[in-house]
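# From the sequence below, what's the structure:
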Amino acid sequence: MRAASFRQLLPRTFSYSPTPAPLLCHRAHSLTRACAAYPPQHHLAASFASRTSPTVTVAMLKYITPDELAAIIKSDKVSGKDYCVVDVRDDDWAGGNIKGAQNTPSSQFYVQVHDLVQKTKSVPTVVFHCALSQARGPKAARIYAEARDQLEGDGEDIPHQVFILQGGFSDFQAKFRDDPELVENWSKEVWGHPEWL
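Just a heads-up that it's a prediction; the model follows:
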């Protein structure tokens with residue numbers, strides 16, 4: 001019964017046979033207008049949209065280069081107050097890290113993100129990375145940015161920026177492994193292969 005009623009709304013010229021593209025577009029527009037007479041339940045649509053459309057996507061996040069991050073670390077800015085580096089590597093954390101970086105493994109990130117946000121909600125610049133910043137780092141940055149944006153929207157946070165370190169620790173250590181102000185715990189056994197140098 002409902003299907004029959006819906007079909008009555010369709011233009012009489014609507015056909016399932018092959019149709020030239022311009023005419024098909026006109027018919028699709030007519031169908032859209034007909035469907036608009038029966039809007040979806042707004043609260044369900046909003047709920048669905050909130051589950052399927054994150055407020056922050058990786059494409060919306062900014063990247064920071066190793067040189068730019070090095071300049072921040074070497075400036076008069078204070079780690080943990082003016083900026084924070086979050087390394088989301090898992091077992092591959094061993095063998096070196098950016099000086100002062102906080103390790104929050106990606107395998108536990110969902111569990112720890114709330115605590116991380118609470119600890120860093122007064123920090124205006126937060127930089128995420130993993131080994132290459134291709135998967136774990138960007139994903140963690142997106143999750144964190146959503147949580148921070150929610151706090152800011154509720155008036156419980158300050159304006160902030162979330163960055164992803166371009167090239168991850170791999171590129172950073174290749175450039176700065178000999179600088180103790182930038183890299184600590186560097187291991188030649190782990191990173192000494194020519195591929196990483």
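# Just after the lowest-mean-pLDDT helix or strand in the chain, pick out the following helix or strand.
Here the helix or strand of the chain ranked lowest by mean pLDDT, DSSP states H and E is helix 42-52, holding a mean of 35. Next in sequence after helix 42-52, counting helices and strands by DSSP states H and E, comes strand 62-64.
# Could you identify the helix or strand that succeeds that following strand?
helix 66-74.
# Now that following helix: buried residues?
Buried residues in helix 66-74, counting neighbours by 16 or more other C-beta atoms under 10 Å, are found at 66, 69-70, 72-73. Heads up, the C-betas are built off the backbone N, CA and C, glycines and all.
# Over to stretch 172-187?
172-173, 176-177, 182-183, 186.
# Would you mind giving those residues as a markdown table with distance to residue 149 added?
Output for the buried residues of stretch 172-187, formatted as a markdown table (distance: C-beta to C-beta, whole Å):
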| residue | distance to residue 149 |
| --- | --- |
| 172 | 26 |
| 173 | 31 |
| 176 | 31 |
| 177 | 35 |
| 182 | 29 |
| 183 | 31 |
| 186 | 35 |
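# now, which of those lie within helices?
Using DSSP state H, the members of the buried residues of stretch 172-187 that fall within helices are 172-173, 176.
# Report pLDDT for residue 2.
The per-residue pLDDT reported for residue 2 equals 47.
# same check, this time on residue 117
As predicted, residue 117 sits at a pLDDT of 94.
# how close does it sit to residue 168?
Residue 117 is 22 Å from residue 168, where distance means C-beta to C-beta, to the nearest Å.
# Among those two, which residue is more densely surrounded?
Neighbours were counted for residue 117 and for residue 168 using other C-beta atoms under 10 Å; residue 168 has more, 24 against 20.
# Tell me where the protein is predicted with low confidence.
Scanning the chain for pLDDT under 70 picks out 1-59, 193-197.
# residue ranges of the helices in the chain, please?
Secondary structure of the chain, counting by DSSP H: helices at 2-9, 21-36, 42-52, 66-74, 109-120, 136-153, 168-176, 188-191.
# Looking at the buried residues of helix 66-74, spot the one nearest residue 160.
Set against residue 160, the nearest of the buried residues of helix 66-74 by C-beta to C-beta is residue 72 (14.3 Å).
# from memory the closest one sits against residue 100, does it?
No: judged on C-beta atoms under 8 Å, residue 72 makes no contact with residue 100 at a distance of 10.9 Å.
# thinking again about what came up before, which one of the buried residues of helix 66-74 sits closest to residue 143?
residue 69 (20.5 Å).
# For the closest one, which residues are in contact?
Contacts for residue 69 were tallied using C-beta atoms under 8 Å, 6 or more residues apart in numbering; they are 85, 98, 127, 165, 172.
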